[in-house]
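**Student:** sharing a model that was predicted from the sequence below.
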Amino acid sequence: MNDELKELRAEDYNELIKYFNFRYSHTCENILVSHFIWKDYYHTRYIADENGLFWVFQVKDEIFTLMPYCKEEDLEKYLYKAKDYFNNVLGRKLVIYLADEKAVTLLDLPEDKFLVEEDRRYFDYIYCAESLRNLKGKKFHKKKNHINAFLKVYGDRYEYKALHCGHQAEIMRFLRRWEEVKNIEDEYNRIDYELNGIEYLLHNCQYLNYKMCGIYIDGELEAFSLGVYGKTEKMAVVHVEKANPNIRGLYPFINQQFQMNEFPEAMFVNREDDMGLEGLRKAKMSYHPIYLMEKYNVFEK
């Protein structure tokens, strides 16, 4: 493995995807598409050889990585390759964020050299796909009420569509409009980076593998979702879900319809983390996850 830093490019997707298939962590970080969304925010670059890859991210003055992408038996080897790069090339101590629990357990890093801390803000929410499609039982009563309220008003005015590259312009118009309506205060400008990242996906969709849908009301796009399906894990991962917040029931409706129409074979749904935001945590818990995927941060002492 040489120390050549490479830029993340959509045209390299088929070459890069093999690294993500070496070991299934079941976390949203194991989905290559999400890295394209956030590549500019994290100034994403990587170092790789034929058997392993590790990221080099930078946000302001902080440089960090994730767990290496390699086979289980090579995990320790590539972790120390990353450590050597951080120590000898960057002149920094190794920092790993969002490490999955299995990797942390397998590595069993020495406590005198590494500090390992769990980070509840970035636990992934994992759901039963069938429950999200059917919303059966008392625990989903409120969700069904919201959807019924939506259908009562818009039942003959909405249209569900599977979206593709050709819808790029109207998707971006909707997202910019959504950004204005939400009026989110974000000192890191993450929303701007996210929307620009989605635009990058749309512009390069001939190289990438993901699914999208939209809900139209009176011919106008009012909700949008984007996700990826992992056949091995039988898990759908929802990376983007945006809806007009002024239309009651639209968020639960697109959530349900996306799963029903685009991922009917999925057994599980990963709806990512809550970033420690109270409102987002409440919303994700309201769908009754079957478990949370624990993640850890690793700091070289």
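**Tutor:** Great, that's in hand. Numbering: from 1, shown residues only.
**Student:** now the helices for this protein?
**Tutor:** Taking DSSP state H, the helices of the chain run over residues 13-20, 32-37, 75-84, 101-107, 129-134, 141-154, 168-182, 190-203, 250-262, 278-285.
**Student:** show me which residues of the first one are buried.
**Tutor:** Within helix 13-20, the residues that qualify as buried are 13, 16, 19-20, counting by 16 or more other CB atoms under 10 Å. C-beta coordinates here come from the backbone N, C-alpha and C atoms, glycine included.
**Student:** over to the last one?
**Tutor:** Within helix 278-285, the residues scored as buried using 16+ other CB under 10 Å are 281, 284.
**Student:** relative to helix 250-262, how tilted is that helix?
**Tutor:** 40 degrees (axes from the mean of the first three to the mean of the last three CA atoms, to 10 degrees).
**Student:** from the chain's centroid, how far away is helix 278-285?
**Tutor:** Counting by CA atoms, centre = their mean, to the nearest Å, helix 278-285 is centred 16 Å from the centre of its parent chain.
**Student:** distance-wise, check residue 94 relative to residue 101.
**Tutor:** The gap separating residue 94 from residue 101 is 19 Å, by CB to CB, to the nearest Å.
**Student:** between the two, which one's more packed in?
**Tutor:** Set residue 94 next to residue 101 and count neighbours by other CB atoms under 10 Å: residue 94 wins out with 22 against 16.
**Student:** can I see the domain layout of this structure?
**Tutor:** The chain breaks down into these domains under automatic domain parsing: 6-119, 124-272.
**Student:** how long is the longest one from one end to the other?
**Tutor:** Translated: domain 124-272. The first and final residues of domain 124-272 sit 5 Å from each other (CA to CA, to the nearest Å).
**Student:** what average pLDDT does that domain get?
**Tutor:** Per-region confidence: domain 124-272 scores 94 on mean pLDDT.
**Student:** now do the buried residues in stretch 264-271.
**Tutor:** Buried positions in stretch 264-271, judged by neighbour count with 16+ other CB under 10 Å: 266, 268-271.
**Student:** likewise for stretch 237-248?
**Tutor:** For stretch 237-248, using 16+ other CB under 10 Å, the buried residues are 237-244, 247-248.
**Student:** same question, stretch 147-167
**Tutor:** Neighbour counts using 16+ other CB under 10 Å place 147, 150, 154, 158, 163, 167 of stretch 147-167 among the buried residues.
**Student:** and stretch 58-75, by the same measure?
**Tutor:** For stretch 58-75, the neighbour count (16+ other CB under 10 Å) marks 64-70, 74-75 as buried.
**Student:** can you put the residues you listed in TSV and add pLDDT and distance to residue 219?
**Tutor:** Shown next, in TSV, are the buried residues of stretch 58-75 (pLDDT from 0 to 100; distance: CB to CB, whole Å):
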residue	pLDDT	distance to residue 219
64	98	45
65	98	46
66	98	42
67	98	45
68	98	48
69	98	43
70	98	48
74	98	52
75	98	51
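**Student:** what is the most widely separated pair among these?
**Tutor:** Farthest pair in the buried residues of stretch 58-75 (CB to CB) is 64 and 74. Separation: 20.7 Å.
**Student:** specify the beta-bridge partners of the nearest residue to residue 215 once chain neighbours are set aside.
**Tutor:** Nearest residue to residue 215, sequence neighbours excluded (CB to CB, 6 or more residues apart in numbering): residue 223, at 4.0 Å. When assigned by DSSP bridges, residue 223 has beta-bridge partners residue 215, residue 243.
**Student:** what count of nearby residues applies to residue 223?
**Tutor:** Neighbourhood size, residue 223 [other CB under 10 Å]: 25.
**Student:** now do residue 207
**Tutor:** Around residue 207 there are 14 other residues, counting by other CB under 10 Å.
**Student:** just residue 263 next, same as before
**Tutor:** Quick note: residue 263 (other CB under 10 Å) scores 23 neighbours.
**Student:** what's the spacing between it and residue 79?
**Tutor:** Distance from residue 263 to residue 79, counting by CB to CB: 33 Å.
**Student:** residue 274 now?
**Tutor:** Counting by CB to CB, the gap from residue 274 to residue 79 is 27 Å.
**Student:** got a list of what the closest residue to residue 41 other than its chain neighbours touches?
**Tutor:** Nearest residue to residue 41, sequence neighbours excluded (CB to CB, 6+ apart): residue 193, at 3.8 Å. Counting by CB atoms under 8 Å, 6 or more residues apart in numbering, residue 193 makes contact with 38, 40-41.
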